[in-house]
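Student: Dropping a prediction and its sequence here:
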Amino acid sequence: MIRTYTQSGTSVPPPTPTPFALHPATPAHTAPEFGSPWDRLLVRLVFSVACVAAGYHFQPFGLSSWVGAGVGFGFSIFVFLFETRLHQASMRRLIGAAIGSTLGILGAY
């Protein structure tokens with residue numbers, strides 16, 4: 001049996017509370033972040049200095065010392081761009097690429 005609303009002076013019943021609080025939708029999974037941006041910058045800086053030092057010392061392709069250092073710096077920039085591209089790829093695509101490259105190497109062997 002339904003009870004009718006019988007308060008004098010008003011004919012509109014009070015609103016019923018919602019069963020669940022309404023919150024804006026949030027993504028179910030966020031990518032984990034390791035370290036602060038300063039930590040990542042420091043690691044990239046150390047890697048870049050190591051690449052420049054290796055290029056200066058080993059003089060790749062018979063280049064002079066300073067040109068070799070420039071090649072090392074260019075290589076470090078290439079690695080940073082490749083890293084940002086890898087962050088955008090899904091895990092499924094990365095696993096498929098690893099399996100495909102392994103099968104390609106075995107097929108060429």
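Tutor: Perfect, thanks for sending it.
Student: Could you look up the next helix or strand downstream of the helix or strand hosting residue 47?
Tutor: Under the criterion of DSSP states H and E, residue 47 resides in helix 37-58. Counting by DSSP H and E, the next helix or strand C-terminal to helix 37-58 is helix 65-88.
Student: buried residues in that following helix?
Tutor: If you call a residue buried by 16 or more other Cβ atoms under 10 Å, then helix 65-88 has these buried ones: 68-69, 71-73, 75-76. Placement of C-beta: from N, CA and C, glycine included.
Student: Next, the angle from that helix to helix 37-58.
Tutor: Put simply, helix 65-88 runs at 140 degrees to helix 37-58, going by axes from the mean of the first three to the mean of the last three Cα atoms, to 10 degrees.
Student: send the alpha carbons of helix 65-88 over as PDB?
Tutor: In PDB, the C-alpha atoms belonging to helix 65-88 read as follows (Å, rounded to 0.1, in the frame of the first residue of the first chain):
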ATOM      1  CA  SER A  65      86.000  14.600 -31.800                       C
ATOM      2  CA  TRP A  66      83.500  17.500 -31.900                       C
ATOM      3  CA  VAL A  67      81.500  16.100 -34.700                       C
ATOM      4  CA  GLY A  68      81.400  12.800 -32.900                       C
ATOM      5  CA  ALA A  69      80.000  14.600 -29.800                       C
ATOM      6  CA  GLY A  70      77.300  16.200 -32.000                       C
ATOM      7  CA  VAL A  71      76.400  12.700 -33.300                       C
ATOM      8  CA  GLY A  72      76.200  11.500 -29.700                       C
ATOM      9  CA  PHE A  73      73.900  14.400 -28.800                       C
ATOM     10  CA  GLY A  74      71.700  13.700 -31.900                       C
ATOM     11  CA  PHE A  75      71.500  10.000 -30.900                       C
ATOM     12  CA  SER A  76      70.300  11.000 -27.400                       C
ATOM     13  CA  ILE A  77      67.600  13.300 -28.900                       C
ATOM     14  CA  PHE A  78      66.500  10.400 -31.100                       C
ATOM     15  CA  VAL A  79      66.200   8.100 -28.100                       C
ATOM     16  CA  PHE A  80      64.100  10.700 -26.200                       C
ATOM     17  CA  LEU A  81      61.700  11.000 -29.200                       C
ATOM     18  CA  PHE A  82      61.500   7.200 -29.500                       C
ATOM     19  CA  GLU A  83      60.700   7.100 -25.800                       C
ATOM     20  CA  THR A  84      57.800   9.500 -26.100                       C
ATOM     21  CA  ARG A  85      56.500   7.400 -29.000                       C
ATOM     22  CA  LEU A  86      56.700   4.200 -27.000                       C
ATOM     23  CA  HIS A  87      54.700   5.800 -24.100                       C
ATOM     24  CA  GLN A  88      51.800   6.400 -26.600                       C
END
